[in-house]
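[1] after the sequence you'll find the predicted model.
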Amino acid sequence: MSGHSNYEPKTGFERWLDVRLPIVRLAYDSVVDFPTPKNLNYWWTFGGILAFCLGIQIVTGVILAMHYVPHVDYAFASVERIMRDVNYGWLVRYMHANGASMFFVAVYVHIFRGLYYGSYKAPREVLWILGCVIYLLMMATAFMGYVLPWGQMSFHGAVVITNLFGALPVVGPSITTWLWGGFAVDDPTLNRFFSLHYLLPFMIAGVVILHIWALHVPGNNNPTGVNVKSKADTVPFHPYYTVKDGFAIAVFMLMFASFVFFNPNALGDAVNYVPANPLVTPAHIVPEWYFLPFYAILRAVPNKLAGVLGMFGAIAMLFVLPWLDTSKVRSMRYRPTAKLYFFIFVATCLVLGFCGGRLPDDHVIPKLTTFTLLDADLNSMVWLSRIAATYYFAYFLLILPILGLTETPLPQPESISEPVLSHSANAPAGAAASPEKRG
Amino acid sequence: MLRKGIALAALGLAIIATPAMAATTHAEPKDMHWSFEGPFGKFDQGQLQRGYKVYREVCSACHSMNLMSFRNLGQKGGPFYDEKYKNPNDNPYVKAIAKDYQVNDIDSETGDVVQRPGTSADKFPNPFPNEPAARASNGGALPPDLSDMAKARELGPRYIYSILTGYEDAGPNMTVPPGKHYNPYMPGDMGAFWKGSAATIPEGGFIAMPPPLVADKVTFDDGTKATLDQEAKDVVAFLVWASEPKMEERKSFGLAAMIYLLIFTGLLYVSYKRIWRNVSH
Amino acid sequence: MADTVVGANPDPHAAGEDPNRRDFIHIAATVAAVGAVGGLAWPFIDQMNPAGDTLALASVEFDLTKVETGQQVTIKWRGKPLFIRRRTGKEIAEAIKGDTADLRDKQTDESRHKPGKAEWLILVGTCTHLGCVPTFGGGDYGGWFCPCHGSVYDTSGRIRKGPAPKNLEVPEYTFLSDTKVKVG
């Protein structure tokens, strides 16, 4: 979108540097002068919030690595030493632990925003796929990071997740042994997880740069989904969006701080304060909240391999989404039917998360036993997971492809400025009345 | 040898006896409150001192606290913190407590294992030399380490208080195995031990620890009456402090951080509104 | 958001506003942001300082009966060697004689031991040049000799020859009894 650069070196040094390494020009073009649609709402601030989260995780993580000992005999005690003896160690560790949750809160909002406003559609497919890669890397990083404190849930979580690979035909057992570096999750596993947990965030940072690059080629999508037509549709990124993102980050920090300082263990599992014991599995083994929907899909399928495929398939859906959605209209603001299915999809993901945190045989409606269907009572978490998982896949594989061909979208505005203009002139011209309009 | 065998057998039993899908139940922990709760909550130093006494005279006979050192007792916010001694290692009270214990050391000249009086830098001594020894002395059950106990259980403080004060006689319908004690707050499955109707299976489970506290088990130095309730409340406060010794520092830091962030957010909001004032969007 | 003006190039610094008030809020917000970063930076820096358990081992008690006259015992204190030397009468006399010599780092022997305890010399055993550990009894003055770069110390631990700029450091210590010292 920005074909040419408006950067003009002011000082002699800047002119000298610009010829040799135009880094100031790059920064100026991408975060100062970058033309950004002027109608981005608060849902668009989560990109900046995510950059903030990544920064916090890397800084606190590097600090924790100064004090952490990746050895089965010392890992738990070294984390406790950080909490008890290292100056402000409690702060750094609680920031890192809660920061992971905050990171996922933000990334989920960011993903759902993209789903709603059609940010994955042409010409932003690569941008979207890079985002999916970041999400995958985040999950790998979070999983390996959770193993490091070497508590009960760390250990048995690692056992369960690494065993997933055992479901693969023929190569499965060799892969698990290779992952472990032994016959079970043990010291070699902990050491390699520590090494990779340190490495992956920097790979994430690398893909984030590509993600931003891919964003800056077509420019931002916007709540109307309509392409930018003229300069009147945009404002320069700085100061308009630096201050808006800054404000959103500050609000986000308030929430973050309320967890770190006043409820630091609310999002974690109490059992992880018990040192790992390979001989005893905790009564109720659950992953951290951000993995629960996938965990529910895994358990919804009675076959091990099929369950694993279902879980990874749920993520794979995101990668191929740009080619599953057949609608030419980007924003669901103008797709009332799709909007309805979208909100059911959001609810489905929440339901899956809820199921993932319960035992499969738990009743959905308390104390009500209905009848056994196939292998479980109908009023059980496992059946609720199955229904929800079915909708999850149907949303991608049936609803979006078919709906794009059959639905009748509302008229879209001519340009970004048009609904904006009519909105401020109090002329309720179709689109401008949409309720989620903000900011 | 025999003791070891029994311990190992009990360990094996414990593993087998824990099926993955057991209908585990427990009573909701008692609704108790302490001074350290809430965003402004602080520990009551007198209570921490009493709680430490309960730990030292009762719990520590079987339970280790491997993450605690004597010096921790004298650090800021601890039971024996004294403003005169910023360095907890110099706190005379802490030194006196440490000196009461004999700890193993290596004689620097002969290399022999010797016993010397503890110093404030020493860790709380472990009542047993290793895990099998601990199990052997406790009928196969391992008394868990208490350093993190208040964080390592759901609703930690309320749970510990409920266990300590919640022992019950479940009546003639229950078969209590030898060396076990029924406690409704302990997660467990009573189905196999209940002779009454299936609808009235009591909540809770068996715990290997006999009721540890009774009234006047300890004598509090500050004259507080040592009721069961008081002892339990005090030792819970001590355990919460031990699990999270930096809690007060965290909360006061957090308060300042929140106030700062609120102001910062307000400023940014006004700045944002001003910058966007003339943009229709 | 019923705004009135819609321009192709919206100007945040619209006319008709007191410029001082207009800028103040942006400056204040920027300053607050810098303050937030600074406030968070301190814990991140302070975490590298010695932790509680490290500080707990910062003082050691030592039983002096283990040292024979004319001998030195080296113990580890704060990760560094600590020389505890029980000097002979001859060594003390030589050290006092050295008070009048041309010293690089002028100190009397009297000031380098506790009053009335001339027998006991307690020093941090790292050469003040670049931190090597000097060897006991070496060099021309019968004190210590540093093998790295040839610094020579006398029986009071004062620098007499070689590149080191200062005398061997006397740590903070107290006699708890006639036979027990606490260092640190």
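    Happy to help now that I have it. Remember, it's a predicted structure, so these values are computed and weren't measured experimentally. Residues are numbered from 1 along each chain as shown, chains lettered A, B, ... in the order given.
[2] where in the chain is pLDDT low?
    All of this is about chain A. A:1-3, A:419-439 (pLDDT under 70).
[3] my question was about chain C
    C:1-22.
[4] for it, which segments count as helices?
    Taking DSSP state H to define them, one finds helices in chain C at C:19-46, C:52-56, C:89-97.
[5] go on, chain B?
    Under DSSP H, chain B gives helices at B:2-16, B:45-57, B:70-73, B:92-99, B:131-137, B:156-165, B:228-243, B:247-276.
[6] contacts only, for A:K328.
    Residues near A:K328 by CB atoms under 8 Å, 6 or more residues apart in numbering or on different chains: A:G404. C-betas here are computed from N, CA, C, even on glycine.
[7] ugh, wrong one, A:V160
    A:I285.
[8] and it, how far from chain C?
    33 Å (CB to the nearest CB, to the nearest Å).
[9] tally of neighbours for the residue of the stretch 101-250 of chain A at minimum distance from chain C?
    Chain C sits closest to A:A232 of the stretch 101-250 of chain A, with a gap of 4.7 Å, by CB to the nearest CB. A count of nearby residues for A:A232, using other CB atoms under 10 Å in any protein chain shown, gives 19.
[10] dump the helices of chain C to TSV, plus distance to chain A and mean neighbour count.
    As requested, those are arranged in TSV below (distance: least, CB to the nearest CB, whole Å; neighbours: other CB atoms under 10 Å in any protein chain shown):
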stretch	distance to chain A	mean neighbour count
helix C:19-46	4	14
helix C:52-56	4	18
helix C:89-97	41	16
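[11] output those helices as TSV; include the columns distance to chain B.
    Converted to TSV, the helices of chain C look like this (distance: least, CB to the nearest CB, whole Å):
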stretch	distance to chain B
helix C:19-46	4
helix C:52-56	4
helix C:89-97	24
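[12] does the residue of the stretch 101-250 of chain A closest to chain C touch A:S417 like I think?
    Yes: A:A232 is in contact with A:S417 according to CB atoms under 8 Å; the separation is 5.2 Å.
[13] pick the most deeply packed of the helices of chain B.
    helix B:70-73 (a mean of 27; mean count of other CB atoms under 10 Å in any protein chain shown).
[14] show me what from the stretch 51-200 of chain B comes close to chain A.
    B:66-67, B:72, B:144-145, B:147-148, B:151-154, B:156, B:187 (CB under 8 Å from any CB of the partner chain).
[15] grab the two from those that are most spread out in space.
    B:N72 and B:P187 (29.9 Å; CB to CB).
[16] now the helices of chain B in TSV, with mean pLDDT and distance to C:P147?
    Listed next are the helices of chain B as TSV, based on pLDDT from 0 to 100; distance: least, CB to CB, whole Å:
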stretch	mean pLDDT	distance to C:P147
helix B:2-16	45	53
helix B:45-57	96	51
helix B:70-73	94	38
helix B:92-99	91	40
helix B:131-137	92	48
helix B:156-165	95	57
helix B:228-243	96	48
helix B:247-276	95	47
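[17] still on that earlier bit, from B:V279, how far off is the residue of the stretch 101-250 of chain A closest to chain C?
    11 Å (CB to CB, to the nearest Å).
[18] show me the beta-bridge partners of B:V113.
    Beta bridges link B:V113 to B:I106, judged by DSSP bridges.
[19] ok, it to chain A distance?
    With CB to the nearest CB as the criterion, B:V113 and chain A are 21 Å apart.
[20] give me the pLDDT for that residue.
    In this model, B:V113 is scored at 88, pLDDT.
[21] list the contacts of it.
    Per CB under 8 Å, 6+ apart, neighbours of B:V113: B:104-107.
[22] how about A:S380?
    A:360-364.
[23] please repeat the previous calculation with a cut-off of 6 Å.
    A:D361 (CB atoms under 6 Å, 6 or more residues apart in numbering or on different chains).
[24] next one: phi and psi at it?
    For A:S380, the backbone dihedrals (degrees, to the nearest 10) come out as phi -130, psi 160.
[25] which strand residues bridge it?
    A:H363.
[26] what are the ranges of the strands in chain C?
    Along chain C, counting by DSSP state E, strands occupy C:60-63, C:72-77, C:80-86, C:120-124, C:135-136, C:142-145, C:152-154, C:159-161, C:173-177, C:180-183.
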